[in-house]
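>>> Mind folding the following:
(chains A and B)
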Amino acid sequence: MTVPRGEVFGFLGPNGAGKTTAVKVLLGLLAPSSGEGWLLGQPIGDLSTRRRIGYLPELFRYQTWLSAREVLSVHCELAPLPRAKWKAAIAESLDTVGLTERADDRVGTFSKGMQQRLGLGAALLGAPELVFLDEPTSALDPVGRHDVRQVIRELADRGTAVFLNSHLLSEVEQVCDRVAVVDHGRVIASGTMDDLLTGSAVYLRVAGLSDEAKSQLTSFGPVDDEGERLTFTKLGQDRIPELVAQVVALGGRVYEVIPRHQTLEDRFLQLLGEEESA
Amino acid sequence: MPAVLVIARLTVQEASRRRLLAALVILTLIVVGFSAWGFNKITTVTGSSGQPLQAQQVQLITSQLLIVITFMYSGVLALSAAVVAGPLISSEVESGLLLSMLARPVRRSEVVIGKWLGLAILIAIYAGGSAFLEMAAVDWATGYVPPHPIELTLYVGAEGLALLSLGLVLSTRLSGITGGVIALVAWLMGWIGGVVGDIGSALQNQSVADIGIVSHLILPTDGLWRGAVYAMEPDAVLAALRAAGTVARANPFTAVDPPPTAFLTWVVVWFALMLALAIWSFRTREI
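Residues are numbered from 1 along each chain as shown, chains lettered A, B, ... in the order given. I've put the predicted structure just below:
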């Protein structure tokens, strides 16, 4: 698996799949049990490579007794950036994440969302060549999420590689050039969005189907069952009449049928379903 | 600024911003004020003859009382060092605070040494400041100055540093509360081990006396405390203790001899071992 420079790479997987662990291994925070990897041309764990990397952890926490500006100063020192560049780098980071007006307030007074913004600001200090963002919008409101997507696009535009861990599939779909799906520590699929989302899906709103009746619909492929809302995540449109006939024969009353292109969520659920049945 | 100094500065800054330093300064001033008043009373109190105590008696009482008060200071220092060092690394690992910092070009050894250095600076400031204030207060109240004030300060400070080092080692693997409690219990056990060793010396039973030696080697806090006690004992007291023979040794508030050079050398090695152990433990920890 390779992530080229300037690419926004989405790393997906269910809880406990190993996404955060993979990022920690790449950053040298955890030792790999086997295998090897390179970051920016150097083997993982190389200390000097970390000068060129930004990281927003999933578990973001910063010194609550410092101000936002002081936290960023500490990261400038540790990065380390030349002292002459600190002021401009900090001002740019604060502006990018929308914290300029709160720059001199203690982090302890910040909401979770603001602390996550600060973490993103710290990760962006000094224009790193590679940025790891682990669930970067988990604490943000819709406006914040939109802003982060904007930041990610700007990073990619200036040639920064972005490694994005996220549960928010619609978000990944909007910003990522390529994705990999990981489960139980193994990559089960990877490629561009076009490569992955080739199939079509069918959404059905149906009443009167028992669980037993639903179990007889498995011949139509993997299904995302949300009560009266069923999504057949990998089903060609040519089989819709057959599906509806079967549902009616099983005693179901069909209210809505919507054929659509497969979304990342459909594909994700399909892949995990296949992985589970394998 | 090198990463190790950045971490040390952050440790001092945190203690200051969280008002730990202010609390210690205020408490120390209160204790110094009360003890100055108390020591001053010794010079005015009358004996059975109805006369004020003689200068020699004042000096004797003051020297012994100062040992007890210094024991309280060393207790505060030990308690503070254990409580602050216990969560020094573990709490930042648990909260995730260290994640973003360790993703920078920072070695884990720099984090450990930086934290140790920061807290060592705080201990030095507290030990030096409180010792100066207390001795100045006693001097003002009674005219008594312990025979070796600098050694006294160094021994008490080193005792705090020893508990800091132990707490730091524990902090690389255990939660803050667990590490702090273990360090504190170890300090008390070390003190009791020293008392047991004293009893062995008094009874001239070598195997019991060895318990004290071994406990001083495992955790040198009590050995350092005895150094502080020796630094506070006037010649007259020392002469009386020596005259009393081995029985006088069975007391944790007395010291007939200064700590041997071999012990002080071991203390230096012990500090190096603790730091090396903390670094190794933190480097091999998954975070």
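
>>> nearest spatial neighbour of the spatially most central residue of chain B, skipping sequence neighbours?
For chain B, the residue nearest the mean C-alpha position is B:E159 (3.0 Å; Cα atoms, centre = their mean). Excluding the flanking residues, the one nearest B:E159 by Cβ to Cβ, 6 or more residues apart in numbering or on different chains is B:L224, at 4.4 Å. In this view, the C-beta of every residue, glycine as well, is placed from N, C-alpha and C.

>>> Would you mind confirming that that neighbour is in contact with B:A162?
Yes. Using Cβ atoms under 8 Å, B:L224 is in contact with B:A162, at 6.6 Å.

>>> Now list whatever residues contact both of the two.
Residues touching both B:L224 and B:A162 (Cβ atoms under 8 Å, 6 or more residues apart in numbering or on different chains) are B:V267.

>>> returning to that earlier point: report the contact partners of the residue nearest to B:E159.
B:155-156, B:158-159, B:162, B:259, B:267.

>>> any idea which of those residues is the one closest to A:A213?
Distances from A:A213 to those, taken as Cβ to Cβ, are shortest for B:A162 (73.1 Å).

>>> The closest one contacts B:P220, doesn't it?
Yes. Between B:A162 and B:P220 there is a contact under Cβ under 8 Å: 5.7 Å.

>>> Show me which of the two is the more surrounded one.
Neighbours were counted for B:A162 and for B:P220 using other Cβ atoms under 10 Å in any protein chain shown; B:A162 has more, 26 against 23.

>>> And A:A91, how close does it get to B:G197?
According to Cβ to Cβ, to the nearest Å, A:A91 stands 62 Å off from B:G197.

>>> What of B:I121?
To B:G197, B:I121 is 32 Å away according to Cβ to Cβ.

>>> What of B:V269?
Distance, B:V269 to B:G197, using Cβ to Cβ: 20 Å.

>>> for A:S277, same thing?
Distance from A:S277 to B:G197, by Cβ to Cβ: 69 Å.

>>> Looking at those two, which one has more neighbours?
B:G197 (23 against 7).

>>> ok, for that one, nearest residue in space, not its chain neighbours?
For B:G197, the spatially nearest residue (Cβ to Cβ, 6+ apart) is B:G212, at 1.2 Å.

>>> Toward the C-terminus, what is the element adjacent to the lengthiest helix in chain A?
As assigned by DSSP state H, the longest helix anywhere in chain A is helix A:142-157. Using DSSP states H and E, the helix or strand that follows helix A:142-157 in sequence is strand A:161-165.

>>> show me where the stretch 151-287 of chain B has helices.
Secondary structure of the stretch 151-287 of chain B (DSSP state H, counting those that start in this stretch): helices at B:176-203, B:206-218, B:221-232, B:235-243, B:261-283.

>>> low-scoring stretches of the chain, by residue?
Answering for chain A, as no chain was given. A:278 (pLDDT under 70).

>>> Walk me through the domains of it.
If you go by automatic domain parsing, the domain ranges for chain A are A:8-195, A:199-261.

>>> Let me know which of these is tucked in deepest.
Ranked by mean neighbour count under mean count of other Cβ atoms under 10 Å in any protein chain shown, those are led by domain A:8-195, which reaches a mean of 18.

>>> now the end-to-end length of that one.
Using Cα to Cα, to the nearest Å, the end-to-end distance of domain A:8-195 comes to 16 Å.

>>> what does the stretch 1-150 of chain A put close to chain B?
Neighbours of chain B within the stretch 1-150 of chain A, by Cβ under 8 Å from any Cβ of the partner chain: A:24, A:27, A:29-31, A:47-48, A:50-51, A:53, A:55-57, A:59-63, A:65-66, A:74-75, A:77-80, A:119, A:122-123, A:132.

>>> Which ones among these lie within strands?
Among the residues of the stretch 1-150 of chain A next to chain B, the members falling in strands are A:53, A:55-56, A:132 (criterion: DSSP state E).

>>> residues contacting residue 189?
In the absence of a named chain, chain A is used. By Cβ under 8 Å, 6+ apart, A:A189 lies in contact with A:180-181, A:196, A:267, A:271.

>>> To clarify, I was referring to chain B.
If a contact means Cβ under 8 Å, 6+ apart, then B:M189 has B:215, B:219 as its contacts.

>>> Look up how far B:A209 lies from it.
Separation of B:M189 from B:A209 (Cβ to Cβ): 17 Å.

>>> and what of B:L77?
The value you get for B:L77 to B:A209, if Cβ to Cβ is used, is 27 Å.

>>> Ok, A:D141 next?
Going from A:D141 to B:A209 by Cβ to Cβ gives 69 Å.

>>> Could you do A:A249 as well?
According to Cβ to Cβ, A:A249 and B:A209 sit 94 Å apart.

>>> what do you get for A:F11?
To B:A209, A:F11 is 63 Å away according to Cβ to Cβ.

>>> And B:M232, by the same measure?
According to Cβ to Cβ, B:M232 stands 23 Å off from B:A209.

>>> These two: which is more packed in?
Between B:M232 and B:A209, counted using other Cβ under 10 Å, the more crowded position is B:M232 (24 against 20).

>>> so where does the residue nearest to that one when sequence neighbours are not counted fall, helix or strand?
Of all residues not flanking B:M232 in the chain, B:P146 sits nearest, at 4.4 Å (Cβ to Cβ, 6+ apart). B:P146 is part of no helix or strand, with elements assigned from DSSP H and E.

>>> burial of B:P146, as a residue count?
Residues contacting B:P146 under the criterion other Cβ under 10 Å number 23.

>>> contacting residues for it?
Listed by Cβ under 8 Å, 6+ apart, the contact set of B:P146 reads B:63, B:66, B:135, B:152, B:231-232, B:234.

>>> Quick check: residues of the stretch 101-250 of chain B near chain A?
B:101-107.

>>> what about burial for those residues, which qualify?
Among these, those classed as buried by 16 or more other Cβ atoms under 10 Å in any protein chain shown are B:101-106.

>>> Just the ones in helices from these, please.
Residues of those located in helices (DSSP H): B:101-102.

>>> ok, so of the buried ones among the residues of the stretch 101-250 of chain B next to chain A, who is nearest A:S166?
Out of these, the member with the shortest distance to A:S166 (by Cβ to Cβ) is B:A103, at 18.4 Å.

>>> Can you tell me, leaving aside adjacent residues, what's nearest to the closest one?
Nearest non-adjacent residue to B:A103 (Cβ to Cβ, 6+ apart): A:Y55, at 3.9 Å.

>>> Equivalent analysis for A:Q174, please.
Distances taken as Cβ to Cβ, 6+ apart put A:R149 closest to A:Q174, at 6.0 Å, once the chain neighbours are dropped.

>>> Helix, strand, or coil at A:V181?
strand (DSSP: H, G, I helix; E, B strand; the rest coil).

>>> can you pull up the bridge partners for it?
A:V181 has the following beta-bridge partners by DSSP bridges: A:L12, A:A189.

>>> how near is it to A:L196?
8 Å.

>>> Now do the helices in the stretch 51-200 of chain A.
Using DSSP H, counting those that start in this stretch, the helices of the stretch 51-200 of chain A run over residues A:68-78, A:83-96, A:112-124, A:142-157, A:169-175, A:193-196.

>>> Run through the residues that contact B:R226.
Listed by Cβ under 8 Å, 6+ apart, the contact partners of B:R226 are B:194, B:255, B:259.

>>> top helix in chain B by residue count?
Using DSSP H to define each element, chain B has its longest helix at helix B:108-142.

>>> So for it, mean pLDDT?
Averaged over helix B:108-142, pLDDT sits at 94.

>>> Smallest distance to chain A belongs to which residue of chain B?
In chain B, the residue that lies nearest chain A is B:G96 (3.3 Å; Cβ to the nearest Cβ).

>>> Give me the phi and psi for that residue.
Dihedral pair for B:G96: phi 90, psi 0, per degrees, to the nearest 10.

>>> Around it, how many other residues sit close by?
16.

>>> Would you confirm that it contacts A:F60?
Yes. At 6.5 Å, B:G96 counts as touching A:F60 under the criterion of Cβ under 8 Å.

>>> Going by neighbour count, list what's buried in the helix or strand where B:A15 lies.
Following DSSP H and E, one finds B:A15 within helix B:3-17. For helix B:3-17, the neighbour count (16+ other Cβ under 10 Å) marks B:3-4, B:6-15, B:17 as buried.
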